[in-house]
Every structure is written in C-alpha cells, then in structure tokens.
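Engineer: What follows is a predicted structure for the sequence shown.
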Amino acid sequence: MKPDDTYYFVFDKSSNSHKVEPCGNDHYGDKGNFSRIDSLCAIKMDYNPSFVIYFDLDSKKVTPIWGEDTLEVVNADWERINEYFK
C-alpha cells in the first residue's frame, strides 16, 4: 500500500494444482488502486474478483479475502498500518 492509494502485491499460487512441477507460472502479482472502508479498518482493492483486506489493529492481525479465499499474510508493517488508520 502506498500513500497515493495504490497497491502492489505478489503471491505464490504454488504448483499443487498443475500436472508438471514446477510449471513456471507460480508467482502472480498485480497493481492498482484501493479505497478505505470507513466503517471498518479495511481497504477494498479495485480488483475482480473482490479483494478486501481487514485489519485488527489491537490483535495485529491481517485478513485478506480474495473472492471467496482467505490468503495467508507473510509480513505486515504495523507502524505504517497504524499510521494509515489514525
């Protein structure tokens, strides 16, 4: 997430669903715009399928939901996240 309301993400989809490993296209990424959901500590990406990230500031937990899947968070910069949601 950047201060100008743009984002960039990279994720590893893994080769588990492919017949041949490695298949060569295991890492995916994208960039675009996001907006804050004011009633929650959350942001919604301008992406299809829907991509919403929920932040629990007290428990320091991030829950990204992409379509109907919950993604694993590897790293979160809580100093920046807290600053954003002030």
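Structural biologist: In hand now; what should we look at?
Engineer: how much space between residue 77 and residue 50?
Structural biologist: The spacing between residue 77 and residue 50, counted by CB to CB, to the nearest Å, is 24 Å. (Each C-beta comes from the backbone N, C-alpha and C, glycine too.)
Engineer: which residues sit against the host helix or strand of residue 32?
Structural biologist: Using DSSP states H and E, residue 32 sits within strand 27-37. Contact with strand 27-37 is made by 1, 5-13, 42-47, 52, as judged by CB atoms under 8 Å, 6 or more residues apart in numbering.
Engineer: redo that, cut-off 7 Å
Structural biologist: By CB atoms under 7 Å, 6 or more residues apart in numbering, the list of residues contacting strand 27-37 from outside reads 1, 5-13, 43-47.
Engineer: and those, which of them are in strands?
Structural biologist: The strands, defined by DSSP state E, take in 6-12, 43-45 from the contacts of strand 27-37.
Engineer: which two in those residues are spaced the farthest apart?
Structural biologist: Greatest spatial distance among those (CB to CB): 12 and 44, at 23.1 Å.
Engineer: If you count surrounding residues, which of these two has more?
Structural biologist: Between residue 12 and residue 44, residue 44 has the larger neighbour count (other CB atoms under 10 Å), namely 15 against 10.
Engineer: which non-adjacent residue is nearest that one?
Structural biologist: Leaving out its chain neighbours, the residue that sits closest to residue 44 by CB to CB, 6 or more residues apart in numbering is residue 52, at 5.0 Å.
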